[in-house]
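Participant: The amino acid sequence is not available; the structure is as follows:
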């Protein structure tokens with residue numbers, strides 16, 4: 001029995017070294033057993049050789065497999081540990097036709113030196129809403145938000161059925177109360193809609209934005225959740241473009257639904273009649289006041 005053990009150790013080393021170079025020597029025990037008993041030369045000597053190969057194969061698995069497991073397991077565990085989720089929360093504040101969109105982003109784990117990263121939110125504005133570019137310019141001057149319109153030929157007076165979807169770039173800022181949090185602010189307004197025949201309200205779906213991130217140094221979170229690269233300005237007033245990483249995130253809400261009141265078509269005659277009457281009445285009163293109190297010189 002000691003001789004068998006020594007032969008097994010030597011055979012396991014030979015087995016590990018020879019597996020890369022020879023296909024015949026690395027056949028499985030079942031294949032060797034089938035070859036031995038299916039051929040014409042199936043003799044007792046061949047059976048002994050097959051048993052010896054079985055012992056060598058088992059010894060090789062015991063010596064080679066633990067080394068492979070030792071090398072791969074810690075790496076996989078480390079990758080899984082760094083892939084925490086990015087949470088995005090989108091809220092619509094205030095009531096009426098003028099709302100405020102608040103976007104908060106939180107990383108699933110605290111990342112040191114996160115201040116070296118910049119977060120860019122690409123928000124898509126549906127046709128039922130609009131963002132006033134003049135209002136954005138005023139907010140930028142007062143350092144309230146850093147947002148800029150991407151779409152050109154934008155008309156804030158057009159109704160929803162004559163307008164197009166627009167895009168806004170918002171440079172998010174770090175939250176002073178949270179180390180690994182960012183937030184962005186954007187005012188939005190309702191457009192006028194066509195009157196409906198039955199329902200006096202409609203719903204506008206505000207989809208979740210694209211989350212872009214750029215860091216001066218590499219972080220594991222970028223490798224975990226980066227889907228693709230997007231070219232965008234490095235900063236609000238910068239003419240240089242950077243390659244931002246389009247990040248995969250988990251949203252608290254699927255989409256934001258906004259309820260908008262609209263007129264009813266059955267009220268068209270009444271509204272037009274009252275509007276015309278008030279217009280004629282006011283015009284008449286203005287003319288009477290002009291002729292009564294006005295001074296005319298020829």
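Facilitator: It's in. Note that the structure is a prediction, hence the values are computed from the model and not measured. Numbers count the residues shown, from 1 in each chain.
Participant: helix, strand or coil for residue 231?
Facilitator: For residue 231, the secondary-structure state derived from DSSP: H, G, I helix; E, B strand; the rest coil is strand.
Participant: And it, what's its pLDDT?
Facilitator: Looking at residue 231, its pLDDT is 91.
Participant: Ok, residue 209 next?
Facilitator: Residue-level confidence at residue 209 comes out at 94, pLDDT.
Participant: residues contacting it?
Facilitator: By Cβ atoms under 8 Å, 6 or more residues apart in numbering, the contact list for residue 209 reads 88, 90, 103, 121-124, 170. C-betas here are computed from N, CA, C, even on glycine.
Participant: now swap in residue 89 and tell me
Facilitator: Applying Cβ under 8 Å, 6+ apart, one finds that residue 89 lies in contact with 103-106, 251-253.
Participant: what domains does the record give for this protein?
Facilitator: In the domain annotation for the chain, the residue ranges read 2-82, 86-266 (automatic domain parsing).
Participant: mean pLDDT lowest for which of these?
Facilitator: Mean pLDDT is lowest for domain 2-82 among the domains of the chain, at a mean of 47.
Participant: How are the strands of the stretch 151-298 of the chain distributed by residue range?
Facilitator: Secondary structure of the stretch 151-298 of the chain by DSSP state E, counting those that start in this stretch: the strands cover 166-171, 173-174, 181-190, 201-206, 210-215, 226-233, 241-247, 250-251, 256-261.
Participant: returning to that earlier point: so which of the contacts of residue 89 is the closest to residue 244?
Facilitator: Here the nearest of the contacts of residue 89 to residue 244, counting by Cβ to Cβ, is residue 105; it sits at 14.0 Å.
Participant: who's in contact with the helix or strand hosting the closest one?
Facilitator: With elements delineated by DSSP states H and E, residue 105 resides in strand 98-107, which encompasses its position. Counting contacts by Cβ under 8 Å, 6+ apart, the residues outside strand 98-107 that touch it are 84, 86-94, 114, 119, 121, 123, 170, 172, 175, 178, 180-190, 206, 209, 211, 221, 249, 256, 258.
Participant: If you count neighbours, what's buried in that strand?
Facilitator: Burial within strand 98-107, assessed by neighbour count using 16 or more other Cβ atoms under 10 Å, is assigned to 99, 101, 103-107.
Participant: right, and the helix or strand after that strand?
Facilitator: Where DSSP H and E defines the elements, the next helix or strand beyond strand 98-107 is strand 117-125.
Participant: so what secondary structure elements neighbour the helix or strand following that following strand?
Facilitator: For strand 117-125, the succeeding helix or strand toward the C-terminus, using DSSP H and E, is strand 129-130. Using 3 or more Cβ pairs under 8 Å, 6 or more residues apart in numbering; DSSP states H and E as the contact definition, the elements that strand 129-130 packs against are strand 181-190.
Participant: tilt between the strand it packs on and strand 98-107?
Facilitator: Taking axes from the mean of the first three to the mean of the last three Cα atoms, to 10 degrees, strand 181-190 and strand 98-107 form an angle of 160 degrees between their directions.
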